[in-house]
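In: Pasting the sequence and the predicted coordinates here, then a few questions.
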2 protein chains.
Amino acid sequence: MPVSLPPLSAIRAFEAASRHLSFTKAGEELGMTQAAISYQIRLLEDRLGYAVFIRKTRRIELTENGRQLSGRVIEAFATLRTAFEEVGEKNAGQLVVSSNTTFAVNWLANRLVHFQMQNPDIAVRILPYGPGASPEFDSADIVVSACKRPPKDWISNEIVKADFSPMLSPALAASIGGVTSPEDILRLPMVDPQDPWWGIWFRAAGFGDVDLSGRPNSRMGSQALEANRAIAGQGVAILTPYFCKTALETGQLQQPFDLTARIEEESWYLSYPPTKRNNRKVRLFRDWVFAELKRDGMPVPAPAPETAA
Amino acid sequence: MPVSLPPLSAIRAFEAASRHLSFTKAGEELGMTQAAISYQIRLLEDRLGYAVFIRKTRRIELTENGRQLSGRVIEAFATLRTAFEEVGEKNAGQLVVSSNTTFAVNWLANRLVHFQMQNPDIAVRILPYGPGASPEFDSADIVVSACKRPPKDWISNEIVKADFSPMLSPALAASIGGVTSPEDILRLPMVDPQDPWWGIWFRAAGFGDVDLSGRPNSRMGSQALEANRAIAGQGVAILTPYFCKTALETGQLQQPFDLTARIEEESWYLSYPPTKRNNRKVRLFRDWVFAELKRDGMPVPAPAPETAA
DNA sequence: CATGACACATAAGGGAATTTTATGCATGCC
DNA sequence: GGCATGCATAAAATTCCCTTATGTGTCATG
């Protein structure tokens, strides 16, 4: 049970006044009037039962007691200031993004350098989390997640709808003389036949119950892996076209059907705690993500309105 | 221009909460509700732009940032607490009395031991100041002064009226066959013929202008010295009977005439700054002085009323 | 598995603590 | 001597907190 201190505002006034040896200057530093400092010092002396300043004409001096306090109090405030400053700086200069692996590998990886060039003062740390793991809501500034919902008070924007469609390597397609009908796919190996996306896509394509016994969806988090296996010709994967853009453009993969399916509400979300809605680095990153999406022609959510700091 | 800190009340709440890892306990320690702590922490996090606590169910944890702050903040508050505590204790246990020499030597000297026995926890320091010097209004807790008035806002009590009357040693009186009329005094050497008190006393005794060219009054501060010279038979001194009580009782001095004179407003005053009116040691000392005076049959002023701390 | 207890969050409202404004006062300086 | 400077003070206005009351999610328990 620590000793109770005099009012902190009085201590702060004393700290400043004892540094400047002037109530007026202390008031300026603290953004208040000379009268307020005078009041606070009076309060402090009243509370302590002894004077800390001797009022001379047009200047003040510390009393013996005041002198003894002054040093320690200044020291304590210096400790506080450096503590908050250091943590604040560390915090302002470092942006921690917890992203699910798909988004990190298929989207962030080859664009991040642009953000970093635009904002050389911000050190970005990407923490990818794989399927089965959870985003690091506690330690991240921003989270890009798919299935895992952020704490409900977080500000959350849907950034990419989880459309999906079968993808395969041209070589694999050629091996059966080309893929022209959904049924062709069934003649090829699948990278992950248990993925529930298959069933949904086939239904959307007009094929009722294709038997692909369900398994917890994990494609949201590991498309990079599936994509590589598909590129390597190991099978047909069911992937989100937007995330395969490069592979599709370079011909490493092909998407035989324009038809995409989706599970409503299964999307990638960018989210952050409301505390950080006015945080510079968070705003910069969020806006950059939105701008990139827009360049890609993706629908972009309106960012939540800002509030005065 | 130091960095501006978050609101200090929020920092204090954080300090307590981070020690207890509980808002409820922190609230108890600080004498406020759990809701208030919650509010303050929220405020702090809002201001800082990052969280300092992770809210788990029925308990809280420090975030990385919070942990980094916590240590320093606790340290800073400990510094403040020990600083105020130490100075406070030093201050509570030590009573500095700046007293004019007459009062110190002729009154305090042989009584102080009683006060010290009654209050063994208080260390009394008497700072006597001689004629010509000033009381140490700045560093003393209590001042006993005569001519020097305390700063006008001080609480000041008249304790001894400066009555005066001629005093001499019995031997000196016998040397002229006894002193029975004021005129007899003029036949003897005076310890300080320039003292204005002489003229006033002689006038009061019915003798008009006795020629004793004036000189600044200094008897208020050095009666001890004059008294010793009178006791040694060097001359007649004009002294305050109350302060010669012992010498008169033991026959070292005699006061030939009951007549005393006084200059209105010339008195000894006990005074202290209003800041200290409820200060324990100051009250104890003041009350002890008043009690001693009362025992001597002196009129005692009513102490100023106390105010709630 | 329902219930209660516990710990923190949140909203509304009131009130006290601070601040400001507007002076006064003493004194040092030109 | 007149003015500027720096602190004190009183009254008035705000702002900031804190409390009360209630909600939410979990854990523990019978």
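Out: Everything's here; your move.
In: Surely A:Y269 touches A:I155?
Out: No: A:Y269 lies out of contact with A:I155 (C-beta atoms under 8 Å); the separation is 10.1 Å. Any C-beta I mention is one placed from the backbone N, CA and C, and that applies to glycine too.
In: what about those two, which has more around it?
Out: Under the neighbour definition other C-beta atoms under 10 Å in any protein chain shown, A:Y269 and A:I155 were set side by side, and A:Y269 has more, 22 against 17.
In: Wasn't the more buried one part of a strand?
Out: Yes: under DSSP: H, G, I helix; E, B strand; the rest coil, A:Y269 falls within a strand.
In: and chain A, which residues reach DNA strand C?
Out: A:7, A:9-10, A:13, A:27, A:31-33, A:35-36, A:39-40, A:43, A:57-58, A:153 (C-beta under 7 Å from any atom of the strand).
In: List only those of the residues you listed flagged as buried.
Out: Burial by neighbour count, 16 or more other C-beta atoms under 10 Å in any protein chain shown: within the residues of chain A next to DNA strand C this picks out A:S9, A:A10, A:A13, A:G27, A:M32, A:A36, A:Y39, A:Q40, A:L43.
In: can you put the residues you listed in a markdown table and add distance to B:A261, secondary structure and pLDDT?
Out: Output for these, formatted as a markdown table (distance: C-beta to C-beta, whole Å; DSSP: H, G, I helix; E, B strand; the rest coil; pLDDT from 0 to 100):
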| residue | distance to B:A261 | secondary structure | pLDDT |
| --- | --- | --- | --- |
| A:S9 | 55 | helix | 96 |
| A:A10 | 51 | helix | 97 |
| A:A13 | 52 | helix | 96 |
| A:G27 | 53 | helix | 94 |
| A:M32 | 56 | coil | 94 |
| A:A36 | 53 | helix | 95 |
| A:Y39 | 48 | helix | 95 |
| A:Q40 | 50 | helix | 95 |
| A:L43 | 47 | helix | 94 |
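In: Looking at the stretch 101-250 of chain A, what residue ends up closest to chain B?
Out: Nearest residue of the stretch 101-250 of chain A to chain B: A:D138, at 4.9 Å (C-beta to the nearest C-beta).
In: In contact with that residue, which residues?
Out: By C-beta atoms under 8 Å, 6 or more residues apart in numbering or on different chains, the contact list for A:D138 reads B:A51, B:I54, B:T63.
In: Tell me the gap between the host helix or strand of A:I238 and the middle of its chain.
Out: Using DSSP states H and E, A:I238 falls within strand A:237-239. Mean-position distance between strand A:237-239 and its chain equals 27 Å (C-alpha atoms, centre = their mean, to the nearest Å).
In: Stretch A:266-286 too?
Out: Using C-alpha atoms, centre = their mean, the offset of stretch A:266-286 from its chain centre is 5 Å.
In: In the stretch 151-300 of chain A, which residue sits nearest DNA strand C?
Out: A:D153 (5.5 Å; C-beta to the nearest atom of the strand).
In: That residue contacts A:S271, correct?
Out: No: in terms of C-beta under 8 Å, A:D153 does not count as a neighbour of A:S271; the distance is 10.2 Å.
In: and A:G66, what does it touch?
Out: By C-beta under 8 Å, 6+ apart, the contact list for A:G66 reads A:F14, A:S18, A:A51, A:V52, A:F53.
In: The fourth one and A:L44 touch, don't they?
Out: Yes: in this structure, A:V52 sits in contact with A:L44. The criterion is C-beta under 8 Å, and the distance is 6.5 Å.
In: and A:E61, that's in a strand?
Out: Yes: residue state for A:E61 (three-state DSSP) corresponds to a strand.
In: count of residues packed around it?
Out: By other C-beta under 10 Å, the residues close to A:E61 number 12.
In: Need the nearest residue in space to it, chain neighbours excluded.
Out: Take A:E61 and drop its neighbours on the chain: the residue closest to it by C-beta to C-beta, 6 or more residues apart in numbering or on different chains is A:I54, 4.5 Å away.
In: what about the one you found, which SS state?
Out: Secondary structure state of A:I54, per three-state DSSP, is strand.
In: What's the separation between it and B:K276?
Out: To B:K276, A:I54 is 15 Å away according to C-beta to C-beta, to the nearest Å.
In: Could you do A:Q68 as well?
Out: Taken as C-beta to C-beta, the span from A:Q68 to B:K276 is 17 Å.
In: on contacts alone, who are the packing partners of the strand holding A:I238?
Out: Strand A:237-239 is packed against strand A:165-167, helix A:196-204, helix A:223-231, with contacts defined by 3 or more C-beta pairs under 8 Å, 6 or more residues apart in numbering or on different chains; DSSP states H and E.
In: Highest mean neighbour count across the ones you listed, which stretch is it?
Out: The highest mean neighbour count among the helices and strands packed on strand A:237-239, using mean count of other C-beta atoms under 10 Å in any protein chain shown, belongs to strand A:165-167: a mean of 25.
In: What is that strand packed up against?
Out: Secondary-structure packing of strand A:165-167 (3+ C-beta pairs under 8 Å, 6+ apart): strand A:237-239.
In: at 10 Å what do you get?
Out: Contacts defined by 3 or more C-beta pairs under 10 Å, 6 or more residues apart in numbering or on different chains; DSSP states H and E place strand A:165-167 against helix A:182-186, helix A:196-204, helix A:223-231, strand A:237-239.
In: Could you point out the longest helix of chain A?
Out: Identified as the longest helix of chain A according to DSSP state H is helix A:64-93.
In: could you point out which element follows that one?
Out: Tracing the chain past helix A:64-93, the next element assigned as helix or strand by DSSP H and E is strand A:94-100.
In: Tell me the strands beside that following strand, with direction?
Out: Strand pairing for strand A:94-100, using DSSP bridges, gives strand A:123-129 (parallel), strand A:142-145 (parallel).
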